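> Sequence and predicted structure, then a few things I'm wondering about:
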2 protein chains.
Amino acid sequence: MSVDRLDAQMAFLMEADKLKAITRATRNHDGRFENSAEHSWHLALFATVLAEHAPEPVNVGRVVKMLLIHDIVEIDAGDAPIFGEVDHSAVDASERAAADRLFGLLPQDQATEFLELWHEFEDNETPDARFAKSLDRFQPPNLNLAIGGGSWTDYNVSLETFEGKLAPKIQRGAPALWNWLHPRVKAFFRTA
Amino acid sequence: MSVDRLDAQMAFLMEADKLKAITRATRNHDGRFENSAEHSWHLALFATVLAEHAPEPVNVGRVVKMLLIHDIVEIDAGDAPIFGEVDHSAVDASERAAADRLFGLLPQDQATEFLELWHEFEDNETPDARFAKSLDRFQPPNLNLAIGGGSWTDYNVSLETFEGKLAPKIQRGAPALWNWLHPRVKAFFRTA
Ligand SMILES: [Ca+2]
């Protein structure tokens, strides 16, 4: 281990601190907008607790690692709210540049590893990525249910919009979680 | 898998959301006091990136899991600042009760596993726990350095107090990280 190597690792870790200042559209139980760092923690905990509900075998350690780093690109690219109007190809380009810069702060071997893991998450093709991505879609509706609307109210989202945008993504990587969530969301919109 | 099991897991995960509202004595790069959820994310990332600097072999996945749950007791017990005046036996008792209640929300097998993992972290005897605990002590001084004082200024901490409280804990579980940090902290206090 060289000191240069640790210098590079610390430069990355201290730059990552900025993720705590990236605000999301979802609100926590106390009404404060969630930031992407605490969101990443929450998702890593979801993966740890809910791994048995993955529809095919996953490597929980890899899923957790993916979730710990999945939003770091937002330090440069910002958060694109799922119910907002966004230019997807512009967001993609800006997130790819962010991934190159941010993971590029690490020593070469780790930069490559983290970059590949982030692309695997984004591509959403492997069992680990599909489960991780589903958790990223599954957590926010649960926060919305807990707070009585949250981003559904803020973005004037209907049950149909919710089902159209979220059902395929959650169902693909975590059907058991979708089956648990769906009746709860329907009940919420029935009485909202 | 029974639905009751998933109900219990979700009750725990949504109760864990409250960790995002527990404020620590350390401040992030933007001056806002860090909360224990984003702190836990940051530490899990430290473990992922810095595992090679552990002085003996560790299971990184277990270290990450330990760090993801290590502060959850603060939902009931609050955070006890390291430079503050605290009644350690009262804090211990209240954290133990918190661990029983919070991890007890999970299905029995997971409740036992998480409780044991939390006690292992607290006892600080195994290689995994020693490395995890060292990271918990190593991250805050780095935030303080980044912000030019932070909790050292707020609590009127001297270099000697810092060395007395932190050196043994960081050195034991991560000597390479202490050797990297120590000259930086000395340089800070020389010019502060
Ligand atoms: Ca703590």
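Right, received. Where do you want to start?
> Surely residue A:28 is in contact with residue B:20?
Yes: Residue A:28 lies in contact with residue B:20 (CB atoms under 8 Å); the separation is 4.9 Å. Quick note: C-beta positions are derived from backbone N, CA and C, even for glycine.
> Quick check: neighbours shared by those two?
Common contacts of residue A:28 and residue B:20, defined by CB atoms under 8 Å, 6 or more residues apart in numbering or on different chains, comprise A:34, A:38.
> who are the neighbours in contact with the spatially closest residue to residue A:172 that is not a sequence neighbour?
Excluding its sequence neighbours, the residue lying closest to residue A:172 (CB to CB, 6 or more residues apart in numbering or on different chains) is residue A:130, at 6.0 Å. Neighbouring residues of residue A:130 by CB under 8 Å, 6+ apart: A:124, A:172, A:173.
> Check the spacing between the spatially most central residue of chain A and residue B:185 real quick.
By CA atoms, centre = their mean, chain A has its centre lying nearest to residue A:136, at 4.0 Å. Residue A:136 sits 37 Å away from residue B:185 when distances are taken as CB to CB, to the nearest Å.
> Also residue A:75?
26 Å.
> Was I right to think residue A:144 contacts residue A:155?
No: the pair residue A:144 and residue A:155 does not pass the contact test of CB under 8 Å, sitting 10.4 Å apart.
> With neighbour numbers in mind, choose between those two.
Taking neighbours as other CB atoms under 10 Å in any protein chain shown, residue A:144 and residue A:155 compare with residue A:144 leading, 21 against 13.
> what comes up buried for stretch A:56-74?
Buried residues in stretch A:56-74, counted by 16 or more other CB atoms under 10 Å in any protein chain shown: A:58, A:60-74.
> now, which of these lie close to chain B?
A:60, A:61, A:64, A:65, A:68, A:69 (CB under 8 Å from any CB of the partner chain).
> Closest one to chain B out of these, please.
Top of the list for closeness to chain B, among those and by CB to the nearest CB, is residue A:61 at 3.8 Å.
> which residue packs closest to the closest one, ignoring adjacent ones?
residue B:61 (3.8 Å).
> and the one you found, what helix or strand is that in?
Element membership of residue B:61, judged by DSSP states H and E, is helix B:60-69.
> Report the mean confidence score over the longest strand along chain A.
Scanning chain A for the strand with the most residues, using DSSP state E, yields strand A:23-27. Mean per-residue pLDDT for strand A:23-27: 94.
> Same check on stretch A:160-176?
The model assigns stretch A:160-176 a mean pLDDT of 93.
> Also stretch A:86-103?
93.
> check whether that stretch contacts chain B.
No: counting by CB under 8 Å from any CB, chain B has no neighbours in stretch A:86-103; the shortest distance is 10.7 Å.
> so what's the closest residue to residue A:33 other than its chain neighbours bridging to?
With sequence-adjacent residues excluded and distances taken as CB to CB, 6+ apart, residue A:33 is closest to residue A:23, at 4.8 Å. Beta-bridge partners of residue A:23, counted by DSSP bridges, are residue A:35.
> so which strand or helix has the residue lying closest to residue A:150 once chain neighbours are set aside?
The shortest distance from residue A:150 to any non-neighbouring residue, by CB to CB, 6+ apart, is to residue A:144 (3.8 Å). When elements are defined using DSSP H and E, residue A:144 is found to belong to helix A:127-147.
> Off-centre distance for that helix?
8 Å (CA atoms, centre = their mean, to the nearest Å).
> pLDDT of it, averaged?
97.
> count of residues packed around the residue nearest to residue A:33?
Residue A:23: 14 neighbours (other CB under 10 Å).
> ok, it touching residue A:35?
Yes: Residue A:23 sits in contact with residue A:35 when judged by CB under 8 Å, with a separation of 5.7 Å.
> about what we covered before: residues in contact with the residue nearest to residue A:61?
A:60, A:61, A:64.
> and it, what pLDDT?
On the pLDDT scale, residue B:61 gets 97.
> go on, residue A:82?
78.
> Now do the contacts for residue A:19.
Per CB under 8 Å, 6+ apart, neighbours of residue A:19: A:35, A:36, A:37, A:40, A:71, A:72, A:74, A:75, B:41.
> again, only using 7 Å
A:36, A:37, A:71, A:72, A:74, A:75 (CB atoms under 7 Å, 6 or more residues apart in numbering or on different chains).
> of those, closest to chain B?
residue A:37 (4.0 Å).
> surely the closest one meets residue B:38?
Yes: the criterion here is CB atoms under 7 Å, and residue A:37 meets it with residue B:38 at 4.0 Å.
> Residues of chain A that sit close to chain B?
A:1, A:3, A:6, A:9, A:12-14, A:16-18, A:20-21, A:28-30, A:35, A:37-38, A:40-42, A:44-46, A:48-50, A:52-53, A:61, A:64-65, A:68, A:110, A:142-143, A:146, A:176, A:180 (CB under 7 Å from any CB of the partner chain).
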